[in-house]
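Enquirer: Everything below, folded, please.
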Amino acid sequence: MFPAIFGWIKVTSRCFLFGLSLLAFLKLVQPTYGEAPRLALAIVTDQFRHNYLDRFEPYFSENGFRRLPASRTNFEDCHSRHDVTKTSPGHATISSGVYAEVHGIVANERVDPMTWRVIESNEDHEFPLVCASPRVGHLPGGVLEAKGGRSPSNFPATTVGDQLMLRFGSPPRVFSVAHKDRSTILMAGKLADSAYWIVDGRIVTSTYYRDQLPDWIEEFNAGGRADKIFGQTWGHLLAPTVYDAVQGSDDAPGENTDFGFGRTMPKQLDGGAAVITAKFYEAFETTPAASALIGEFASLAFKKEQLGQHAHTDLLCVGFSRIDKMGHADGPDSHELMDSIVRLDGLIAKLLDTIDREAGLQNCVVVFTAHHGASPLPEHMRALCGMIPTGRLDKVALDAAGTAALYREFRPAPNDDYWCLRDDFGYHLRPSVLNANNVSLADAAEVARQALLSRPEIAQAFTSAEVLAMTAEGNSLGARSRRSFFTGPIQDMVFVLKPRFIDRPETGTNHGSPYDYDSHVPLLWFGAGVPAGRRNERVGVDDLAPTFAALLGVPTPPQAIGRRLF
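Expert: Numbers count the residues shown, from 1 in each chain. Below you'll find the predicted structure:
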C-alpha cells in the first residue's frame, strides 16, 4: 500500500511541478503591459501628407499639432505600404494592422463580378440608417431608407477596438465618429458601442449599432448647425499674403469650381442656390464648418458618454474626413488646403483641452495619423517645370485601348456586349463573352494587359495570376499591388499609374497610388507609455494597431502583420 501511496505522491508532485513550470512559461510568453490609460484617442485625417506638419508648423497653436510631436514621439518616415491608397483600405489597415490581401477592403467601392453592380465597402442593406433628418424619407422610428444601409459586415479583420471589447468582462466603451461612414465604421470594428457619421449636415448611424439616436444626439441635430451657416462665407483665417508666401497664388489653374464655389477665397456657402438644396450640403462637406461640427460632436460625446471614467480603458476614434473632399477639389498647394489644416489644428487643440480638463491627458494615450496623401495638380506641376511628366488619365481612351486589343485578337463581343469593365485601378473580364468566343481568361487578360501598357499614363499592369504569384514583402510595385489584392471576387488585371498622373479628368486631384506623395503620412504619439523623441526609421501604418494594443494592455489583433514600435 505504501509504495502505491508514494507512487501517487510522486506522480502528483511531478504534475504539480509541471503545472508550475507551464504557468511560468506562459507568463514569460504573455505580453507585458504597463498600467492601461483611462482613455485612448485615435485621430485619423483623410488626405494629410506628412510634410504638412513642417510646411504649416509656424501657423499652428501651442496645444494642437505642436503639443503632440514636441512632447512625445513623431515617426517621420511612416507610410501606407500598399498600392491602392484610398480611404476604406487605409482605415481598415490602421485599425487592424493588416492590409487588403487579408482584410478584403480593397477600395472605397468595387464591382461585384456576380451582379456587375458597384457596391460600397460598408454597404449592407440589412442595417438601414438611423437619422432624424426631415429632408429624406425615413421609416418609423427615424430609420432612414433612402441612403442605403451600412455595417462592418464586409470587413473580416479584427480591430484594436474589438480586442478592447473582448479583453474585459465588463466591456469598455468604444465610440467612433467621422464625416464618412467608411471612416468611422472601419475604425470602430464589429463590437463598438457606436459609430456615427454625417448625412446632410446631421449625425447618423445604422441599425447595426442602435435602433434610435440617443436623446443628446437628437438635441445636437436639432440645433441645425449646418443649416445655420447657409449664406455665410469661408475666408482666410490668416492674412492672404501668408498663404501667397507658402502656397503661391490663390487663383490657380486646375482647381475645382463645383458647389457654387469660385477658384478663389472667400467662398460663398450656399451651393449656388438661394435656398438650401442637396448642393449646399455637398458644399458644406467641403468647408471647415464640417470639421468644426465633427470636433464639437467628438467633445460632446466624450462628456455625454463619460469616456475615460470607466473601470477599463475607453476608446474614442475621431475621423476628420473633410480635408479629403477639399483636397480633391483644390489640391495640396492651394490656399484652401492650408487654411483647412490650420483650422484643423485649432479643432484638435480644443478636443485635447476638453479631454485634459475632464480626464487629464497624463491618463490618456493619443495617436494621430492619416491613411493617404494627395498628388499635386498636373497644372501646378507644369507651372513649376514643364519638363516634369504629369497629366490626367483619359479613362475613355484607356477603356477603348483594352477593348480594341481584345477585338483585334479575338472578335467582337456577341450581342453588342462588352469584353471588360473597369473597376477602379483594374478590370474585370466578362465570363459570358469569354465563353461565347472560346477564349481563356489568361489569354484575354494578357492581351488587355499589353494594351494598357501601351498607354502613356500607365507605369505597370499585372494580371490577377501575376499578382497572386508575387510576394507581399518589400516596397516594389508588385509587392504593394499584392498587399492591395484580395483573393475573393477579384479583378482580372490591375494597373498602376505613372508618378504625378491622376485619374481625375478635368480639375482637382486624387490619391490611390504607391508614390511618396500618397503614401507618406504622419504618425504622432502622445501620452502614457509613449517615449519622447523624433524617430527616423521607416515604419508602416500597419504598425499602429500592434503598438496601440500594447499601450492599451490588450492582445494584438490576431491577423496583424505590423510590429510594436515601442
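
Enquirer: ok now do P456, which residues does it touch?
Expert: With contact taken as CB atoms under 8 Å, 6 or more residues apart in numbering, P456 is in contact with G391, K498. In short, each C-beta sits where N, CA and C put it, glycine included.

Enquirer: Next, it: secondary structure please.
Expert: When classified by DSSP: H, G, I helix; E, B strand; the rest coil, P456 comes out as coil.

Enquirer: Going forward, count from 612.
Expert: Sounds good: first residue 612 from here, last item P1067.

Enquirer: Count the neighbours of E1148 for me.
Expert: 9 (other CB atoms under 10 Å).

Enquirer: what about V953, helix or strand, and which?
Expert: Element membership for V953, per DSSP states H and E: helix 946-969.

Enquirer: for that helix, packing partners?
Expert: Helix 946-969 sits against strand 650-656, helix 851-858, helix 899-915, strand 925-931, helix 933-941, strand 975-981, with contacts defined as 3 or more CB pairs under 8 Å, 6 or more residues apart in numbering; DSSP states H and E.

Enquirer: so of these, which one's packed in deepest?
Expert: strand 925-931 (a mean of 28; mean count of other CB atoms under 10 Å).

Enquirer: Show me what that strand pairs with in its sheet, parallel or antiparallel.
Expert: strand 650-656 (parallel), strand 785-789 (parallel) (DSSP bridges).

Enquirer: With respect to S817, which of those strands lies nearest?
Expert: Across the strands paired with strand 925-931, S817 has its closest neighbour in strand 785-789 (12.4 Å, CB to CB).

Enquirer: helix or strand right after the closest one?
Expert: Per DSSP H and E, the first helix or strand lying C-terminal to strand 785-789 is helix 792-799.

Enquirer: Could I get the buried residue list for the helix holding V953?
Expert: Buried residues in helix 946-969, defined by neighbour count with 16 or more other CB atoms under 10 Å: 946-963, 965-966.

Enquirer: circling back to that earlier point, tabulate the helices and strands packed on helix 946-969 in CSV, adding columns for distance to T875 and mean pLDDT.
Expert: Below are the helices and strands packed on helix 946-969 laid out as CSV (distance: least, CB to CB, whole Å; pLDDT from 0 to 100):
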stretch, distance to T875, mean pLDDT
strand 650-656, 25, 97
helix 851-858, 10, 97
helix 899-915, 16, 97
strand 925-931, 24, 97
helix 933-941, 10, 92
strand 975-981, 27, 96
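
Enquirer: would CSV of these with distance to F766 be doable?
Expert: Formatted as CSV, those follow (distance: least, CB to CB, whole Å):
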stretch, distance to F766
strand 650-656, 15
helix 851-858, 37
helix 899-915, 22
strand 925-931, 14
helix 933-941, 20
strand 975-981, 19
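
Enquirer: wait, which of those is closest to A1053?
Expert: When the helices and strands packed on helix 946-969 are compared by CB to CB, helix 933-941 sits nearest A1053, at 36.6 Å.

Enquirer: Pull the distance from the closest one to the chain's centre.
Expert: In terms of CA atoms, centre = their mean, to the nearest Å, the centre of helix 933-941 is found 14 Å from the chain centre.

Enquirer: about what we covered before: so which of the helices and strands packed on helix 946-969 comes closest to E1084?
Expert: Ranking the helices and strands packed on helix 946-969 by proximity to E1084 (CB to CB) places strand 975-981 first, at 22.8 Å.

Enquirer: Going by neighbour count, which residues of the following helix or strand past that closest one are buried?
Expert: With elements assigned by DSSP H and E, the helix or strand that comes after strand 975-981 is helix 989-995. For helix 989-995, the neighbour count (16+ other CB under 10 Å) marks P989, E990, H991, M992 as buried.

Enquirer: The very next helix or strand once past helix 989-995 pairs with which strands?
Expert: Next helix or strand after helix 989-995 toward the C-terminus (DSSP H and E): strand 1002-1003. Sheet pairing here is set by DSSP bridges, and for strand 1002-1003 it gives strand 1112-1113 (parallel).

Enquirer: now the strands for the stretch 962-1111 of the chain?
Expert: Shown for the stretch 962-1111 of the chain, the strands assigned by DSSP state E, counting those that start in this stretch span residues 975-981, 1002-1003, 1031-1033, 1037-1040, 1069-1074, 1104-1108.

Enquirer: Mean pLDDT lowest where, among those strands?
Expert: Among these, strand 1031-1033 carries the lowest mean pLDDT, a mean of 91.

Enquirer: And the contacts of it?
Expert: Outside strand 1031-1033, the residues that touch it by CB under 8 Å, 6+ apart are 722, 727, 1006, 1009-1010, 1013-1014, 1017, 1038-1041, 1059, 1103.
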